[in-house]
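Student: the following block contains a protein sequence and its predicted model.
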Amino acid sequence: MNLPGGISRRGLFLKLAVLFNALVGIILAVPIVRYIFSPMIRQRRPGYASWISLGSLNNFPAGETRLATYRNPVVNPWDGVTADIACWVRHVDTENFQVFAINCAHLWCPVRWFPQSSLFMCPCHGGVYYADGSRAAGPPERGLFQYSYKVEGDSLFIKAGEMPTPTLAANIKPGGPRCA
Ligand code: FES
């Protein structure tokens, strides 16, 4: 039996089925395509490559390691306080710093600084790092990740959009990333 317009019922269902499948395919493809292209999208977002101030150098006395926080420059309105990110700042001497990601290089738990023993310790699986961020003991296979930093005026800045990762760390020379 043909419907008005000369199309058969079977033909109509076939077309509807093809349309439905195409729609489902597109819906499923969107997150996959977004995932594949996310590094490019992220780099184009404002703030990704910006320098973020960690505050005055006076907050980081020479020879000490202090906790600092910054607001993630690649932030969504719904991120709330989760966009406030902590890091450890080690003032080595004069204008030499090391800024460590707070996350353990093993499974990303936040590490704590113990000035009494001059060690960073991870509460999750016992990972331990020396004061310069290098691995001391436990399951982590490498030292703490470090941010690129620069000193401008009397403030310390980090490139926070580039979250420390093994890829980024591979491009960083030992002794800490330093940008002019
Ligand atoms: S997450 Fe730090 S040792 Fe496992």
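Tutor: Okay, I see it.

Student: chain center to the one helix or strand Arg10 maps to: distance?
Tutor: Take DSSP states H and E as the rule and Arg10 turns out to sit in helix 9-44. Centre-to-centre, helix 9-44 and its host chain are 29 Å apart (CA atoms, centre = their mean, to the nearest Å).

Student: now the element after it, going C-ward?
Tutor: strand 52-56.

Student: tell me what that following strand is packed against?
Tutor: strand 65-71, strand 155-158 (3 or more CB pairs under 8 Å, 6 or more residues apart in numbering; DSSP states H and E). All C-beta spots, glycine's among them, are computed from the backbone N, C-alpha and C.

Student: what does the chain put close to the ligand?
Tutor: Cys104, His106, Leu107, Cys109, Cys122, Cys124, His125, Gly126, Gly127, Gly138, Pro139, Pro140 (CB under 6 Å from any ligand atom).

Student: number of nearby residues for the closest residue to the fourth one other than its chain neighbours?
Tutor: Excluding its sequence neighbours, the residue lying closest to Cys109 (CB to CB, 6 or more residues apart in numbering) is Cys124, at 3.8 Å. With neighbours defined by other CB atoms under 10 Å, the count for Cys124 comes to 14.

Student: the one 10 residues further on too?
Tutor: Around Ser134 there are 12 other residues, counting by other CB under 10 Å.

Student: contacts only, for Thr94.
Tutor: Ala62 (CB atoms under 8 Å, 6 or more residues apart in numbering).

Student: ignore the last one, Tyr70
Tutor: So Tyr70 contacts Ile52, Ser53, Leu54, Asp84, Ile85, Cys87, Ile158, Ala160 (CB under 8 Å, 6+ apart).

Student: for stretch 29-48, give the mean pLDDT please.
Tutor: Average pLDDT, stretch 29-48: 75.

Student: same check, this time on stretch 7-23
Tutor: Stretch 7-23 comes out at a mean pLDDT of 90.

Student: and the longest strand for the chain?
Tutor: When the chain is parsed with DSSP state E, its longest strand is strand 84-93.

Student: show me the domain layout of the protein.
Tutor: 1-44, 52-170 (automatic domain parsing).

Student: mean pLDDT for the ones you listed: which is lowest?
Tutor: When I compare those, domain 1-44 is least confident, with a mean of 83.

Student: as TSV, the helices and strands packed on strand 52-56 with distance to Leu144 would be great.
Tutor: Listed next are the helices and strands packed on strand 52-56 as TSV, based on distance: least, CB to CB, whole Å:
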stretch	distance to Leu144
strand 65-71	11
strand 155-158	14
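
Student: hmm, back to that, wait, a strand at the residue nearest to Cys109?
Tutor: No. Judged by DSSP: H, G, I helix; E, B strand; the rest coil, Cys124 forms no part of a strand; its state is coil.
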